[in-house]
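In: Any chance you could fold what I've pasted below:
(one chain, ligands or ions: 1)
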Amino acid sequence: MSNQKPSDKKHADNTQEDEKFLDLALRPTNFNDYIGQDKVKRNLSILISAAGKRKDPLEHILIHGPSGLGKTTLAYIISRQMGSSLRITSGATLEKAGDLGSILTGLNEGDFLFIDEAHRLNKLVEETLYPAMENYKLDIIIGKGNSAKTLQIQLPKFTLIAATTKISLLSSPFRSRFGVNYKLDFYNQDDIEKILTRSAKLLNIRAEPEALKIIAAASRFTPRTANKLLKRARDYTQSENKEVLTANLASQTLDLLEIDHIGLEATDKKILSSIAKNFNGGPVGLKTIAALIAEDENTIEDVYEPYLMQIGFLARTTRGRVITQEGAKHIGIKLSSETQSTLI
Ligand code: ADE
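Out: Numbers count the residues shown, from 1 in each chain. I've put the predicted structure just below:
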């Protein structure tokens, strides 16, 4: 149903795109198959059934939360449920107002436009979206300087679904134009086990329930990561000429990938130990941590920190990041008692 054009991908990260492609086979296509996020699902079902009865297009939807939790999947399910097409693009791809204009004018009545990474939209494109969202109008400026004219085009009634990992970076005029705003939370162990059981079935993997438990515990409570680990464990099982993915094989896969039993990788541990060892537990700024461990700030903020905070190993304060007692314990460091009393 997606009609993503190759040009939409020009700035996308290739590895991410590859994974997205692999994920297609596992992506649930209806709310029954979509496990977890019960509150969001319930609210969405109400929104969809009410709009269906009124024969109205859905109001614009904002979905935020850490990456890999299923924002794009939800957009697919919503559009499918409404029997409409989904056009996918990303905030970083839409460089000029014209880029957005050509997408909007290509939509049909009732279609969905999904903008991923909405916090990366530039001001000009964002402002072009406002009249489109409010009354399905597109203002086009023709010419330059004194002779410039504005032409207004009527657009088909469409629904914008915007997704972001950084809701705080969206301007309030933009945020206020969405009818609903949903937050996706990390999944729990049970839900991830259910997702893995479903994925194993779809991929024809015979797996011991204990193996799926081990993979779920190391999944950072994120379906995308869980599914990736399952595929790596499947590969390892096959390379060992085994028929069944056992608990042992699952643990060995994690060892090979240098991922510990709660899903921490070398970079997570570098982040934690740089705060504990170099800054006595913190607080320390993100820039400093990034420079010290030679990792990109955005990657630390988007990929590593959300989970470290979720499991209570890291905290953000106004003065910077601090490691918690739990975090220090996990990497085998004892914070001095002086440090302990000053941490949050
Ligand atoms: N794959 C990714 N997210 C999922 C979810 N919430 N339920 C089932 N399968 C998924």
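
In: Can you name the next helix or strand after the least confident helix or strand in the chain by mean pLDDT?
Out: In the chain, no helix or strand scores lower on mean pLDDT, DSSP states H and E than helix 14-23, which sits at a mean of 53. Moving toward the C-terminus from helix 14-23, the next helix or strand (DSSP states H and E) is helix 38-54.

In: Buried ones in that next one, by neighbour count?
Out: Neighbour-count burial for helix 38-54 flags Val40, Lys41, Leu44, Leu47, Ile48, Ala51 (criterion: 16 or more other CB atoms under 10 Å). Just so you know, the C-beta spots here come from the backbone N, C-alpha and C atoms, and that holds for glycine as well.

In: now the residue positioned nearest the centre of the chain, nearest residue through space, not along the chain?
Out: The structure's the chain has its C-alpha centroid closest to Ser67; by CA atoms, centre = their mean the separation is 2.2 Å. Closest residue in space to Ser67, ignoring its immediate chain neighbours: Thr165 at 5.3 Å, by CB to CB, 6 or more residues apart in numbering.

In: Do I have it right that that neighbour meets Gly68?
Out: No: judged on CB atoms under 8 Å, Thr165 makes no contact with Gly68 at a distance of 9.6 Å.

In: Please say which of these two ends up with more neighbours.
Out: For Thr165 versus Gly68, neighbours defined as other CB atoms under 10 Å are more numerous around Gly68 (26 against 22).

In: Enumerate every residue touching that one.
Out: With contact taken as CB atoms under 8 Å, 6 or more residues apart in numbering, Gly68 is in contact with Arg220, Thr222, Pro223, Arg224, Thr225.

In: how about 10 Å then?
Out: 19, 23, 165, 184, 186-187, 219-228, 303, 306-307 (CB atoms under 10 Å, 6 or more residues apart in numbering).

In: Mind pulling the model confidence for the residue nearest to Ser67?
Out: At Thr165, the pLDDT value in this model is 96.

In: Next: the one 4 residues further on.
Out: Leu169 carries a pLDDT score of 96 in this model.
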